[in-house]
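Asks: coords below, sequence missing:
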């Protein structure tokens, strides 16, 4: 291939242009607020990105595979709340967590069934499941938060190893596993093929329905797992832990990270940067005492810019036939 | 041609509601030949392809592959298990994946059962391309970067890789320029030398006369005649396509 200019490289590797945005915000914030560049604050930014990121890992796989899940914000609540409720009823915490995770996976299976067998478009299907789940989670506890939770369970997310919060380590592990699955296994290639051209995937003999099912289950599983991690981190099962803002943040992190809504393209590295960027903007705006309304304006602009860039990238990458 | 046909369609019929798409189609493709199926728009070429690939079930008639009846209820996905590999008109390539992946997807080489073996993928892909005398700068180029002709060749190469007794090409030159068409023709010639049986749906008569051994003409859902290309003329084939010449009696060919 011919040599490519810097601009072309930036267009084709979205996470690189994103890193520039991160650096710019970091530089601006550290000039305006001395407290920004401290180790504890940087850790706090990372920790703030953890929940977005863990959910986004499963969602990224799904979007690469050509799907979309708007219910993750509610599945996040379900995982944490159901596990907490079961713990408070005396179940051993590992068992409670497992059941919470299983319930989340069931949500994924439901999403897949509604989309595949009832032919409801993914956005509508998962949005519907989102609303149903909001009601279900309220019913689980009668609208109340669950406290207290067992100390051992809280230690899961509140502990540190070598000074690094466990949540960051767990998120790192989830990220590595997801990267591995996407980049190093036949399954990863198959979901790129599925998202890149569903007809081609079918013609090549890929088990498209089974791949879809796995992806919706994975997206729901990471959402539920993140919910459990969140309950452990804050020490309670919260009815309002997730919700629509969580769904939107996660999808924003995925798309900003360069995963294409049209499927096929995207990397976990990009999602890492996308998740951190969301948390970074939150943090930097607070420290620089910028009015919080600006937050959504900035995030929205970056989202639109990122998706426009994705379009540009496809135009740039692919010839018209 | 002495031996049994590789693919044999006998009096295949298909209607969609009250519309008769295929009234009676019979095609015999013999081993090692390039058999073209030609016809005007609406003659039934696409429906014939879809019946061979199993996307539609015929209402009547029989389809045999290597003497074995092809069951009508089979998935398109499992087609190559039945001995046919297909190059679809819309190519069925994944733009965002590279050439090597497109050539191997569906049968990805693995290490330890769960790891993707990229080296083997590139090697397999390169071997298939070398075998077809196709030169590609780099098999890790995304297919989205290729021209229409290059894509067509990759699609054919993928079908060839499945190494089935029958290769079905659906309009392989539909969107191609002169040079690209010639390249696809070279590949077809080469596959024929290797003893492959090729059924090629086309409306490009130049191409058909240059590369096919035998041609079956469809008109209004009927196979109206089959000719050896060296024994017929363009005028005769065009006559059969347009209906200016009446069709052969059943059984005559």
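Replies: Cool, the structure landed. Since the model is a prediction, treat every value here as computed from it, not as a measurement.
Asks: Going along the chain, name the strands of the stretch 101-250 of chain B.
Replies: B:110-111, B:115-116, B:166-170, B:197-201, B:214-219, B:222-228 (DSSP state E, counting those that start in this stretch).
Asks: same question, chain A
Replies: Ranges of strands within chain A are A:160-161, A:164-165, based on DSSP state E.
Asks: Would you mind finding the most buried of those strands?
Replies: Ranked by mean neighbour count under mean count of other C-beta atoms under 10 Å in any protein chain shown, the strands of chain A are led by strand A:164-165, which reaches a mean of 16. Quick note: C-beta positions are derived from backbone N, CA and C, even for glycine.
Asks: buried ones in stretch A:165-172?
Replies: For stretch A:165-172, a neighbour-count test (16 or more other C-beta atoms under 10 Å in any protein chain shown) marks A:165-168, A:170-171 as buried.
Asks: That one - what's its average pLDDT?
Replies: Average pLDDT, stretch A:165-172: 96.
Asks: repeat for stretch A:219-234
Replies: In the prediction, stretch A:219-234 has an average pLDDT of 97.
Asks: and the residue nearest to residue B:161 when sequence neighbours are not counted, what is it in contact with?
Replies: Once flanking residues are discounted, residue B:161 sits nearest to residue B:128: 4.7 Å by C-beta to C-beta, 6 or more residues apart in numbering or on different chains. Residue B:128 sits next to B:103, B:157-158, B:160-161 when contact means C-beta atoms under 8 Å, 6 or more residues apart in numbering or on different chains.
Asks: Just among the residues you listed, which is most surrounded?
Replies: For the contacts of residue B:128, the largest neighbour count, defined by other C-beta atoms under 10 Å in any protein chain shown, is 28 neighbours, found at residue B:103.
Asks: backbone phi and psi for the closest residue to residue B:111 other than its chain neighbours, please?
Replies: Leaving aside its chain neighbours, residue B:111 sits nearest to residue B:117 (4.5 Å; criterion: C-beta to C-beta, 6+ apart). Note on residue B:117: backbone dihedrals following degrees, to the nearest 10 are phi -100, psi 90.
Asks: Tell me, how many residues neighbour residue B:117?
Replies: Neighbour count of residue B:117, defined by other C-beta under 10 Å: 16.
Asks: same check, this time on residue A:96
Replies: For residue A:96, using other C-beta under 10 Å, the count is 25.
Asks: Hmm, it is touching residue A:83, no?
Replies: Yes. Using C-beta atoms under 8 Å, residue A:96 is in contact with residue A:83, at 4.7 Å.
Asks: which neighbours do these two share?
Replies: With C-beta under 8 Å, 6+ apart, residue A:96 and residue A:83 have no common neighbours.
Asks: Where does the prediction get shaky in chain B?
Replies: B:1-2, B:71-82, B:90-91, B:249-253 (pLDDT under 70).
Asks: if you set the cut-off to 80 instead, what comes out?
Replies: B:1-3, B:54-55, B:70-83, B:88-92, B:162-163, B:175, B:246-253 (pLDDT under 80).
Asks: Could you pull out the helices in the stretch 101-250 of chain A for me?
Replies: Here the stretch 101-250 of chain A has its helices, by DSSP state H, counting those that start in this stretch, at A:122-141, A:151-158, A:166-184, A:186-196, A:198-203, A:208-234, A:244-256.
Asks: now the ones you listed in TSV, with distance to residue A:56?
Replies: Formatted as TSV, those follow (distance: least, C-beta to C-beta, whole Å):
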stretch	distance to residue A:56
helix A:122-141	15
helix A:151-158	18
helix A:166-184	9
helix A:186-196	16
helix A:198-203	23
helix A:208-234	8
helix A:244-256	5
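Asks: pLDDT score for the spatially most central residue of chain A?
Replies: The centre of chain A sits closest to residue A:56, judged by C-alpha atoms, centre = their mean, with a distance of 1.5 Å. Residue A:56 carries a pLDDT score of 97 in this model.
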